[in-house]
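A.B. asks: what would the 3D arrangement of this be:
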Amino acid sequence: MSWLYLFVAILLEVSGTIAMKLSEGFTRVAPLVTMFICYGFGLTALTFALRKIELSIAYAIWSGIGTALIGIIGIIWFKESVTLLKVISIILIIVGVIGLNLTGEH
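C.D. replies: Got it, this is the predicted structure:
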């Protein structure tokens, strides 16, 4: 169940970050409210995940996968620039998260 909480926490954090972008600097109310709700529930889900998953593993996965997803969403949805360095960096984040997960508890 802890891994499900972690997965939900990642999705909520990514959703909150997208809402932050859509709030246009705190000028649009609906995305702003969505952002606070997503971050609140996301951190709650992360807290529940930490009941069974080691902090170093859970946080690395949460932040790493969240960062990689936001990078990919930024490129696809928000039409951000794509450079070789950006793509390699996203791949390295994912490889790092996999590596940490392989060294963690089983």
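A.B. asks: mind listing what's buried in stretch 22-36?
C.D. replies: Using 16 or more other Cβ atoms under 10 Å as the test for burial, stretch 22-36 gives 23, 31, 32, 34, 35. Bear in mind the C-beta positions are built from the backbone N, C-alpha and C, glycine included.
A.B. asks: any idea how far the residue of the chain most remote from its centre is from residue 20?
C.D. replies: Relative to the C-alpha centroid of the chain, counting by Cα atoms, centre = their mean, residue 27 is the outermost residue, at 23.4 Å. Counting by Cβ to Cβ, to the nearest Å, the gap between residue 27 and residue 20 amounts to 12 Å.
A.B. asks: likewise residue 76?
C.D. replies: 17 Å.
A.B. asks: the more surrounded of the two?
C.D. replies: residue 20 (18 against 10; other Cβ atoms under 10 Å).
A.B. asks: skip the chain neighbours and tell me the closest residue to the more buried one.
C.D. replies: Once flanking residues are discounted, residue 20 sits nearest to residue 35: 4.9 Å by Cβ to Cβ, 6 or more residues apart in numbering.
A.B. asks: which strands and helices sit next to the helix or strand bottoming out on mean pLDDT in the chain?
C.D. replies: The weakest-scoring helix or strand in the chain, judged by mean pLDDT, DSSP states H and E, is helix 84-103 (a mean of 89). Contacts defined by 3 or more Cβ pairs under 8 Å, 6 or more residues apart in numbering; DSSP states H and E place helix 84-103 against helix 55-76.
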